[in-house]
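**Q** A predicted structure for the sequence below; I have some questions about it.
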2 protein chains.
Amino acid sequence: MKTKDRIIQASCELFNQHGERAVTTNHIAAHLGISPGNLYYHFRNKEQIIRALFAQYESYLEEAYGPGEDDTPFGIMKRYLDGMFQGMWRFRFLYASLPEILARDPELHRRYLMAHERVLRTATDNLRALKAQGVMTIDEQYHLEFAEGIKMVVTFWISHLYTQALDEPITEQGVYQGVLQILALFHGYIAPKARPDFERLVAHYRALADTPA
Amino acid sequence: MKTKDRIIQASCELFNQHGERAVTTNHIAAHLGISPGNLYYHFRNKEQIIRALFAQYESYLEEAYGPGEDDTPFGIMKRYLDGMFQGMWRFRFLYASLPEILARDPELHRRYLMAHERVLRTATDNLRALKAQGVMTIDEQYHLEFAEGIKMVVTFWISHLYTQALDEPITEQGVYQGVLQILALFHGYIAPKARPDFERLVAHYRALADTPA
């Protein structure tokens, strides 16, 4: 792997483990066994590393929420939920300090808003599709607020976990609890005929959330 | 008003306006036209002021979510929603920096968890009552996740507003949008016969969210 990519990857790991605020470029260089000068050759400062990680976050959003090749309505839903889990887990440092990170970098903030407007548009498109397929029953006037509600859980679940147990590290099980929280939002809008499939989906994620670390 | 109370009140205003992180005890003293020594006589440091404000937050939770004298199911619901609005608006500095503030003070964190366990217990009791009165239809197994979902919107709505527009101050209208977001969570679980009353409640808060500042 190229040094530049190694820096990006190590930064993500260290940010996720210790929080973005606590990690300096010197920590990152020391962790990789390279000199600070070598790191500065690739990234002028920590903000540049965060921007590189944000580009990965944008690609992830594109991939997880873009058009897919799914067949069944619950195939689509599962793909989304798995995508949400991956994003929360992989970029948990970003979610843990989101308002802070965005406040420091207006360019990043602009990109964040653009990316999330796309996500919200895809989400409401999908709601409409699930409704057309008879899987969900939800008034058109509530589509946007429903999609916003899901986005809020995804965005703030990591912060929620931190407020619940500040000293404990975030676990995959804890993040799967967030997926269950999202499914609880769906529960009220699932059409009766689709309930058995829905309950199977809930059971699938409940098992993942209950698996001991 | 006593100097001690004036310090608490001015701190809350300044924290809400500029964010807790940006405000020092010197700012607070200057704002009140008192000497830093006078302020230190009442509060050794900023953490002590935050603890005093947190005690007000605890009283507010007790009052807003404790037993009330409401008559109709929608009277109960409206009282809660008004209480949620008041809390988000009055203590918006706390919600804006919650993980940070709790991480700095383990004693405050312990109190936060205790207070929120009480809130969650009252919320599930109320869900059960609304279900018994035929206003809501929600499976017992989803009660806790539903209550957690509402708590999440209340807790992170202010942070959500900041991620949407970092440079703009939080407005009462923006906070009422959060109340609408909470109502959107209820929407899927309102029994058909209770829909007209529910829609009136939504219209009431929509008008408050749309009122120009």
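**A** Alright, I've got the coordinates.
**Q** residue of chain A nearest chain B, please.
**A** residue A:188 (2.4 Å; CB to the nearest CB). Where you see a C-beta, it was placed from the backbone N, CA and C, and this is true even at glycine.
**Q** which one is that residue nearest to, not counting chain neighbours?
**A** Once flanking residues are discounted, residue A:188 sits nearest to residue B:188: 2.4 Å by CB to CB, 6 or more residues apart in numbering or on different chains.
**Q** how confident was the prediction at the residue of chain A closest to chain B?
**A** Each residue has a pLDDT score; the one for residue A:188 is 86.
**Q** quick one: contacts of the helix or strand where residue A:4 lies?
**A** Secondary structure from DSSP states H and E places residue A:4 in helix A:3-18. The contact list for helix A:3-18 (CB atoms under 8 Å, 6 or more residues apart in numbering or on different chains) reads A:1, A:23, A:27-28, A:31-32, A:34, A:38-39, A:42-43, A:49, A:52-53, A:56, A:90-94, A:169-170.
**Q** how is chain A divided into domains?
**A** With domains defined by automatic domain parsing, chain A comprises A:1-44, A:53-210.
**Q** now do the helix holding residue A:4: distance to the chain's middle.
**A** In terms of CA atoms, centre = their mean, to the nearest Å, the centre of helix A:3-18 is set 17 Å apart from its chain centre.
**Q** quick check: buried residues in it?
**A** The neighbour-count check on helix A:3-18 (16 or more other CB atoms under 10 Å in any protein chain shown) flags A:7, A:8, A:10, A:11, A:12, A:14, A:15, A:16 as buried.
**Q** do you know how far the closest residue to residue A:181 other than its chain neighbours is from residue B:155?
**A** Closest residue to residue A:181 apart from its sequence neighbours, by CB to CB, 6+ apart: residue A:153 at 5.3 Å. Distance, residue A:153 to residue B:155, using CB to CB, to the nearest Å: 11 Å.
**Q** and residue A:110, by the same measure?
**A** Using CB to CB, one obtains 26 Å as the distance from residue A:110 to residue B:155.
**Q** who has more neighbours, those two?
**A** Ranked by neighbour count (other CB atoms under 10 Å in any protein chain shown), residue A:110 and residue B:155 place residue B:155 first, with 20 against 11.
**Q** for whatever helix or strand that one lives in, packing partners?
**A** In this assignment (DSSP H and E), residue B:155 forms part of helix B:143-164. If you count contacts as 3 or more CB pairs under 8 Å, 6 or more residues apart in numbering or on different chains; DSSP states H and E, helix B:143-164 packs onto helix A:98-104, helix A:143-164, helix A:172-187, helix B:73-90, helix B:92-96, helix B:106-132, helix B:172-187.
**Q** what score does the residue nearest to residue A:181 have for pLDDT?
**A** If you check residue A:153, the pLDDT there is 93.
**Q** of the helices and strands packed on helix B:143-164, which stretch is the most buried?
**A** The highest mean neighbour count among the helices and strands packed on helix B:143-164, using mean count of other CB atoms under 10 Å in any protein chain shown, belongs to helix B:92-96: a mean of 24.
**Q** need the residues that contact it.
**A** Helix B:92-96 is contacted by residues A:99, B:12, B:15-16, B:19-20, B:53-54, B:57, B:88, B:101, B:155-159, B:162, B:170, B:175 when judged by CB under 8 Å, 6+ apart.
**Q** cool, and stretch A:203-213?
**A** A:78, A:81, A:171, A:172, A:173, A:176, A:177, A:179, A:180, A:183.
**Q** if I look at the nearest residue to the last one once chain neighbours are set aside, how far off is residue B:34?
**A** Just to be clear, that refers to residue A:183. In space, and not counting its chain neighbours, residue A:183 is closest to residue A:202: 5.3 Å by CB to CB, 6+ apart. Applying CB to CB, the value for residue A:202 to residue B:34 is 57 Å.
**Q** how many residues are close by residue A:59?
**A** Counted with other CB under 10 Å, residues neighbouring residue A:59 total 10.
**Q** can you confirm it is in a strand?
**A** No. Read with DSSP: H, G, I helix; E, B strand; the rest coil, residue A:59 is helix and lies in no strand.
**Q** tell me the residues of chain A that contact chain B?
**A** Within chain A, the residues that sit near chain B (CB under 8 Å from any CB of the partner chain) are A:96, A:98-99, A:102-103, A:106, A:109, A:112-113, A:138-139, A:142, A:145-146, A:148-149, A:152-153, A:155-157, A:159-160, A:162-164, A:166, A:180-181, A:184-185, A:187-189.
**Q** what about 6 Å?
**A** With the criterion set to CB under 6 Å from any CB of the partner chain, chain A comes near chain B through A:98-99, A:102-103, A:109, A:142, A:145, A:149, A:152, A:156, A:159-160, A:162-163, A:166, A:181, A:184, A:187-189.
**Q** assess the claim that residue A:29 and residue A:38 are in contact.
**A** No. Between residue A:29 and residue A:38 there is no contact under CB atoms under 6 Å: 7.0 Å.
**Q** model confidence for residue A:70, exactly?
**A** 66.
**Q** show me where chain A dips below the pLDDT cut-off.
**A** For chain A, applying pLDDT under 70 flags the ranges A:67, A:70, A:166, A:213.
**Q** that older thread, can you name the next helix or strand after the helix holding residue A:4?
**A** Helix A:3-18 is succeeded, C-terminally, by helix A:25-32 (DSSP H and E).
**Q** buried ones only from the contacts of helix A:3-18, please, as a PyMOL command.
**A** Here is the PyMOL command that selects only those of those that count as buried (16+ other CB under 10 Å):
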select buried, chain A and resi 23+28+32+34+39+42+43+49+52+53+90+91+92+93+94+170
